[in-house]
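>>> sequence and predicted structure, then a few things I'm wondering about:
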Amino acid sequence: MRKYSCAIMVALIAAVTIVVVTAAGAAAAEPLPPSQDPFYAYSGATPLGQIPAGTVLKTRTVQYHVLGVPTPVSVVQLLYRTVNAQGQPAVNVTSVIKPPVSASSPKVVAYGSFYDSLNPSDEPSYQIAGGVTLGGLIPDAETLFIAPFLLQGDTVVVDDTEGEHADFAAGIEYGTNTLDAVRATFNSPITGVPSDAEVALLGYSGGAIATEWASELAPTYAPDVNRRLVGAAMGGVFVDPLHNLSYVSGSLAWAGVMPAALVGIARAYGVDLSPYLSPYGQQIAAKVQDASIVNVLGQYPGLTFAQLVKPQYADPASIPPLLQLGNDLIMGSHGTPTTPLLIGQGADGLLEGTPPGGLGIGPGDGVMVAGDVRSLAREYCQRGVSVQYDEYDLLSHATSMAVWAPQAVAWVDGRFAGITAPQDCSQIPAGNSLAPETAP
């Protein structure tokens, strides 16, 4: 039976956790970090560019770890061929978590982690294999998000969405990494996934970046995966990077995301932003080169974008490479999903120290802009997509997640059950313009 009541589900998760921790005992020896582990590197004779995307290059089986403690749950980790943000051949790792119970009709949930880090050692694959880092606490905590699906007999696929170099905020790369992870899962004979299994995409915050871009790119980049998709559930959505930079500028909790995003996008696209940075901005950029969201959240209260750059570049749109990349990374600009969407978004950023943004920005959840998310939902509705949009007016980014998560699990279950997806396109309020920005 696919559906459990919330109380039963919580009890099951708690029981499994107790059994796992009791049975596991002491943590196993910590594995080599990705930068030193040969598993993460391709060394084959065939040039990577001649290998189809989604091809499995290496395979290993590990136990699922939580805080470095092994559990009885088995995981198949795959090194697979994909592309980076610049469209160049690349490799990445995904973890295919096998359910501890069987199901009559197994499904696949591609779960986007919100590990949000510039450090490859914070990747979910390393934490799942037994690594322990401060930034890796997020993938460990996400066990609670994936447990309901595993307990229903679904296979959960968790790829390193940011790629081998941890390209934080480079959304298109998140999408291709996710789609090729799904391809690799079906291409591997040892994952145990039936060839006709349906797939759902799920992710919040950084995971929503992966979920949205995967659903948007699937029809053109991976039509073979798109045919398997039944829907995508996302919450706390990063729609327009330039708007977000303006929104979090001066925030008490989220201002540190600005330098992290600049570093991640510059890294992904091979762009040098240092000529535009102030001495203080260069200092912070150097400090966050390997930082995770844990290292920047609340660490730079009141930091403004103008402090990061030279005076003539106080407007993000005045920096030519940032303007080009920011516009290119606006969601909805590269395709249209063909499956139903669930989109949840908080709108009370004051709870996390972010006042409403200026003209054209408006309120958000502290880091994501509600008006942008509304506009994305409305745009997809106009293109014929079935969209359920829920705005949590009294909740912030962190508090919205607690409401969105059980809703998303139930929504995904509904898609797997073949129930027609609910939609409220006619009720979605107007939002911000998502037109590409121009230089001032």
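Structure's in. What do you need?
>>> just checking, next helix/strand downstream of the lowest-mean-pLDDT helix or strand in the chain?
Scoring the helices and strands of the chain by mean pLDDT, DSSP states H and E places helix 6-24 at the bottom, with a mean of 40. As assigned by DSSP states H and E, the chain's next helix or strand after helix 6-24 is strand 56-66.
>>> any regions of the stretch 51-200 of the chain where pLDDT drops low?
For the stretch 51-200 of the chain, no stretch has pLDDT under 70.
>>> and Asp393, how many neighbours?
Neighbourhood size, Asp393 [other Cβ atoms under 10 Å]: 10. Quick note: C-beta positions are derived from backbone N, CA and C, even for glycine.
>>> and it, how close does it get to Gly235?
14 Å (Cβ to Cβ, to the nearest Å).
>>> so how far is Gly250 from the closest residue to Leu229 other than its chain neighbours?
Counting by Cβ to Cβ, 6 or more residues apart in numbering, Leu229 lies nearest to Thr339, which is 4.6 Å off, once chain neighbours are set aside. Using Cβ to Cβ, Thr339 is found at 38 Å from Gly250.
>>> show me what counts as buried in the longest strand along the chain.
In the chain, taking DSSP state E as the definition, the longest strand is strand 69-83. Buried residues in strand 69-83, counted by 16 or more other Cβ atoms under 10 Å: 69-71, 73, 75-83.
>>> tell me which of those residues is nearest to Leu245?
Val83 (25.8 Å; Cβ to Cβ).
>>> for Asp315, which non-adjacent residue is closest in space?
Nearest residue to Asp315, sequence neighbours excluded (Cβ to Cβ, 6+ apart): Pro440, at 5.1 Å.
>>> picking up where we left off before, tell me, how many residues neighbour the residue nearest to Leu229?
By other Cβ under 10 Å, neighbour count at Thr339 equals 20.
>>> I'd say it and Ala233 touch.
No: using Cβ atoms under 8 Å, Thr339 is not in contact with Ala233, being 10.6 Å away.
>>> the strands in the stretch 51-200 of the chain, which residues?
56-66, 69-83, 89-97, 108-112, 155-159, 199-204 (DSSP state E, counting those that start in this stretch).
>>> now for the longest one, which elements pack on it?
Helices and strands touching strand 69-83, by 3 or more Cβ pairs under 8 Å, 6 or more residues apart in numbering; DSSP states H and E, are helix 6-24, strand 56-66, strand 89-97, helix 124-128, helix 171-187.
>>> what about Gly302, distance to Thr354?
Between Gly302 and Thr354 the distance is 11 Å, computed by Cβ to Cβ.
>>> ah, wrong one, I meant Thr46
49 Å.
>>> neighbour count winner among the two?
Neighbours per residue (other Cβ under 10 Å) separate Thr46 from Thr354, with Thr354 holding more: 27 against 10.
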